[in-house]
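S.K.: give me the fold of what follows.
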Amino acid sequence: AKLTISNKTAVFDFTGLPTGNYAIAILHDENGDMKMNTNFLGLPKEGYGFSNNVMGAFGPPEYKKANFNYTAATSTVISIKARY
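M.R.: Residues are numbered from 1 along each chain as shown. Got it, this is the predicted structure:
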């Protein structure tokens, strides 16, 4: 999904998801080129984050660290802090 950021917050409502385990990754695509831009070392130049606010050592975190349990027909709020 592509969202608008307002007051440093973007909100997305996932509907129709079945009960299960999920993980979310976000990217603040500041220049709108639809990709994560990196520097010469391969480090991200734009904001990014993962559910549970976990980080990977050299790349994205393991799914088992970023996943969370979602129960259908309930309200679950996931807050992800973008790192720049």
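S.K.: let's verify Lys64: helix, strand, or coil?
M.R.: For Lys64, the assignment made with DSSP: H, G, I helix; E, B strand; the rest coil gives helix.
S.K.: per-residue pLDDT, it?
M.R.: At Lys64, the model reports a pLDDT of 97.
S.K.: contacts only, for it.
M.R.: Shown in contact with Lys64 (CB atoms under 8 Å, 6 or more residues apart in numbering): no residues. Where C-beta positions appear, they are placed from N, C-alpha and C, glycine not excepted.
S.K.: hey, where'd the strands end up in the chain?
M.R.: Applying DSSP state E to the chain gives strands spanning 20-22, 25-28, 47-50, 68-70.
S.K.: mind putting these in TSV, mean pLDDT and distance to Ser6 included?
M.R.: Converted to TSV, these look like this (pLDDT from 0 to 100; distance: least, CB to CB, whole Å):
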stretch	mean pLDDT	distance to Ser6
strand 20-22	97	24
strand 25-28	96	13
strand 47-50	97	15
strand 68-70	95	25
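S.K.: between those strands, which one is nearest to Tyr84?
M.R.: Among the strands of the chain, the nearest to Tyr84 by CB to CB is strand 47-50 (4.7 Å).
S.K.: quick revisit: deepest of the strands of the chain, which one?
M.R.: For the strands of the chain, average neighbour numbers computed from mean count of other CB atoms under 10 Å are highest in strand 47-50, which has a mean of 19.
S.K.: returning to that earlier point: mind checking which of the strands of the chain is nearest Ala1?
M.R.: The closest approach between Ala1 and any of these, judged by CB to CB, belongs to strand 25-28 at 9.8 Å.
S.K.: which elements pack onto that closest one?
M.R.: The criterion is 3 or more CB pairs under 8 Å, 6 or more residues apart in numbering; DSSP states H and E, and the helices and strands that strand 25-28 contacts are strand 47-50.
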